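J.: Build me a structure from this.
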Amino acid sequence: MSTTGEPSIEAAERLQGCTVEDSAAKQLPVPNVPDLSAFDMNGNLHMTSESMEKMHQASVETQSIMQKYRAAMREMQVRLEILDQDLNLKKHRNPIHHIESRLKTPASIYEKIGRYGYEATLENMERYILDIAGIRVICPYIQDVYSLFELLNRQDDLEIVKVKDYIASPKPNGYRSLHVIARIPVFFMDKKESIPVEIQLRTLAMDFWASLEHDLKYKAVSEVQGIDASSELKDCSRIIEEVEARMQVLAGALEPEGQSS
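T.: Numbers count the residues shown, from 1 in each chain. Okay, here's the model as predicted:
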């Protein structure tokens with residue numbers, strides 16, 4: 001299993017193994033987006049049976065791919081829940097407060113492919129987009145975040161592809177979280193595939209801050225009543241970091257000897 005770091009996109013985001021037929025199918029363009037040449041001068045859509053068949057084939061292939069990522073997301077969530085239960089049994093503590101999951105929509109996936117500068121094909125979807133399936137793990141303390149990551153890193157059938165530690169090095173706006181891309185093996189009827197899942201690990205306080213930042217960004221508070229939302233958020237992030245550090249020390253002092261995670 002690889003360790004943390006920033007591998008090249010070719011190494012970190014390589015293609016899944018596929019047959020010649022699979023590869024040809026994945027070269028299909030984005031489904032449900034007809035070529036502009038299919039419209040006449042009046043803006044009416046006219047598609048040949050061949051074009052309609054290609055769109056249908058791309059749609060079916062997209063659904064098949066999305067099902068794979070949905071399965072990988074569920075597999076990863078189960079692993080995390082097992083770790084939480086095992087730590088509760090053996091260490092008498094639960095490092096996970098709760099888990100959230102999400103699957104990107106095809107539209108958002110293809111939009112991201114375009115921002116990366118690649119053609120919107122099913123092949124590029126699997127090659128370059130590693131966060132199609134996402135898990136967010138909310139923990140009580142920072143130490144829980146790193147302890148869970150270390151436990152995941154020990155699992156020999158997981159491949160840690162990429163790690164971005166925004167806790168040790170927060171983003172300029174104050175965002176903090178540990179982002180991990182891990183490939184997890186998923187068994188299907190006729191094959192096994194290693195599928196990437198993005199795991200975001202953060203504390204309750206970090207999650208509250210991220211939710212607040214998202215809400216303020218879309219409400220454009222910085223443009224209302226002269227409020228400098230950016231500066232306020234940075235201050236809040238700094239204060240939260242200081243409080244979390246103190247709470248971690250307090251929790252360690254109150255924890256019975258031999259019960260640490």
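
J.: For the rest of this, base every contact and every neighbour count on C-alpha atoms.
T.: Fine.

J.: in the strand or helix carrying Val186, what's buried?
T.: Taking DSSP states H and E as the criterion, the element that holds Val186 is strand 178-187. Buried positions in strand 178-187, judged by neighbour count with 16 or more other C-alpha atoms under 10 Å: 178-186.

J.: Tell me the one among these nearest to Glu81.
T.: Glu81 lies nearest to Ile184 out of these, by C-alpha to C-alpha, at 15.1 Å.

J.: does the closest one really touch Ala72, like I thought?
T.: Yes. Because the distance of 6.6 Å satisfies C-alpha atoms under 8 Å, Ile184 is recorded as touching Ala72.

J.: Return every residue with contacts to both of these two.
T.: Applying C-alpha atoms under 8 Å, 6 or more residues apart in numbering, one finds that Ile184 and Ala72 are jointly contacted by 195-197.

J.: what residue ranges in the stretch 51-200 of the chain score low on pLDDT?
T.: Applying pLDDT under 70 to the stretch 51-200 of the chain flags the ranges 51.

J.: what about the helices in it?
T.: Under the criterion DSSP state H, counting those that start in this stretch, helices of the stretch 51-200 of the chain are mapped to 106-115, 122-128, 142-154.

J.: residues in contact with the longest one?
T.: Read that as helix 142-154. Helix 142-154 is contacted by residues 1, 3, 83, 95-96, 139, 158-160, 178, 201-203, 244, 248, 261 when judged by C-alpha under 8 Å, 6+ apart.

J.: And the strands in the protein?
T.: Taking DSSP state E as the criterion, the chain contains strands spanning 98-103, 133-139, 159-165, 178-187, 192-203.

J.: what would those look like in JSON lines with distance to Glu61?
T.: Output for the strands of the chain, formatted as JSON lines (distance: least, C-alpha to C-alpha, whole Å):
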{"stretch": "strand 98-103", "distance to Glu61": "16"}
{"stretch": "strand 133-139", "distance to Glu61": "17"}
{"stretch": "strand 159-165", "distance to Glu61": "25"}
{"stretch": "strand 178-187", "distance to Glu61": "18"}
{"stretch": "strand 192-203", "distance to Glu61": "16"}
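
J.: Compare the ones you listed and give me the one nearest Lys171.
T.: When those are ranked by distance to Lys171, counting by C-alpha to C-alpha, first place goes to strand 159-165 at 9.7 Å.

J.: Show me what the closest one is packed against.
T.: With contacts defined as 3 or more C-alpha pairs under 8 Å, 6 or more residues apart in numbering; DSSP states H and E, the packing partners of strand 159-165 are strand 178-187.

J.: Report the strands that pair with the strand it packs on, each with its relative direction.
T.: The pairing partners recorded for strand 178-187 under DSSP bridges are strand 159-165 (antiparallel), strand 192-203 (antiparallel).

J.: Ala120 is nearest to which of the ones you listed?
T.: Counting by C-alpha to C-alpha, Ala120 lies closest to strand 192-203 out of the strands paired with strand 178-187; the figure is 19.1 Å.
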